[in-house]
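Asker: Sequence and predicted structure, then a few things I'm wondering about:
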Amino acid sequence: MKNRKGLTLIEVIVSMAIVGVIAVVILSIFSSGTKNIARAGHRTTNIYDANRIIDELIIKSENPYTDWDAIESENENIVVNNMEYNVILPGIGEDIKVSGKLLKVTSTDEENNTIIIETFVPNKLESGEVEGS
């Protein structure tokens, strides 16, 4: 046998094919990772926007003259319900009724992912008034 230096054409083609398959797999992993990062970023932005709306509604709830019907009609993603909850405090033994508003904000992004944020805001008590009495 002769001492050969270098590679045959078939060895070069096979090695290029193997490197190509590995490159396609690695690039598809990076591509899907990038898409997931972008999707998570859009979802985070969507959550922050909904939280901002909830915060604004909580601030408006402190004003007794807030027109909740107008707020709901202006934005179809906002629902305001008057609610009353019974709260049991350990050691007291009786239910305390807490009335307030259940604020619900629904937000949908470009990919039709829906985020719903709800919070309960109790009615503001007048000084000296006891809730549930």
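Answerer: Noted; the coordinates are in hand.
Asker: Now stretch 56-67: buried residues?
Answerer: Neighbour-count burial for stretch 56-67, counted by 16 or more other C-beta atoms under 10 Å, picks out 57, 60, 61. Where you see a C-beta, it was placed from the backbone N, CA and C, and this is true even at glycine.
Asker: out of those residues, which are inside helices?
Answerer: 57, 60, 61 (DSSP state H).
Asker: need these in a markdown table with distance to residue 21, can you?
Answerer: Output for those, formatted as a markdown table (distance: C-beta to C-beta, whole Å):
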| residue | distance to residue 21 |
| --- | --- |
| 57 | 55 |
| 60 | 59 |
| 61 | 60 |
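Asker: just the buried residues of stretch 56-67 now: which is nearest residue 7?
Answerer: Residue 7 lies nearest to residue 57 out of those, by C-beta to C-beta, at 70.8 Å.
Asker: Now the closest one. Nearest residue, chain neighbours left out?
Answerer: Nearest in space to residue 57, with sequence neighbours left out and distances taken as C-beta to C-beta, 6 or more residues apart in numbering, is residue 103 at 4.9 Å.
Asker: Find the helix or strand that the one you found is a member of.
Answerer: Assigned by DSSP states H and E, residue 103 belongs to strand 95-108.
Asker: Run through who's touching that strand.
Answerer: For strand 95-108, contacts defined as C-beta atoms under 8 Å, 6 or more residues apart in numbering pick out 46-47, 49-50, 53-54, 57-58, 61, 68, 77-89, 114-123, 131-132.
Asker: Can you tell me which of those are buried?
Answerer: Buried members of the contacts of strand 95-108, scored by 16+ other C-beta under 10 Å, are 46, 50, 53, 54, 57, 61, 68, 78, 80, 119, 121.
Asker: Can you lay out those residues as CSV showing pLDDT, distance to residue 97 and secondary structure?
Answerer: Shown next, in CSV, are the buried ones among the contacts of strand 95-108 (pLDDT from 0 to 100; distance: C-beta to C-beta, whole Å; DSSP: H, G, I helix; E, B strand; the rest coil):
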residue, pLDDT, distance to residue 97, secondary structure
46, 88, 35, helix
50, 89, 29, helix
53, 89, 28, helix
54, 90, 24, helix
57, 89, 22, helix
61, 84, 18, helix
68, 85, 20, helix
78, 88, 25, strand
80, 87, 19, strand
119, 90, 19, strand
121, 87, 15, strand
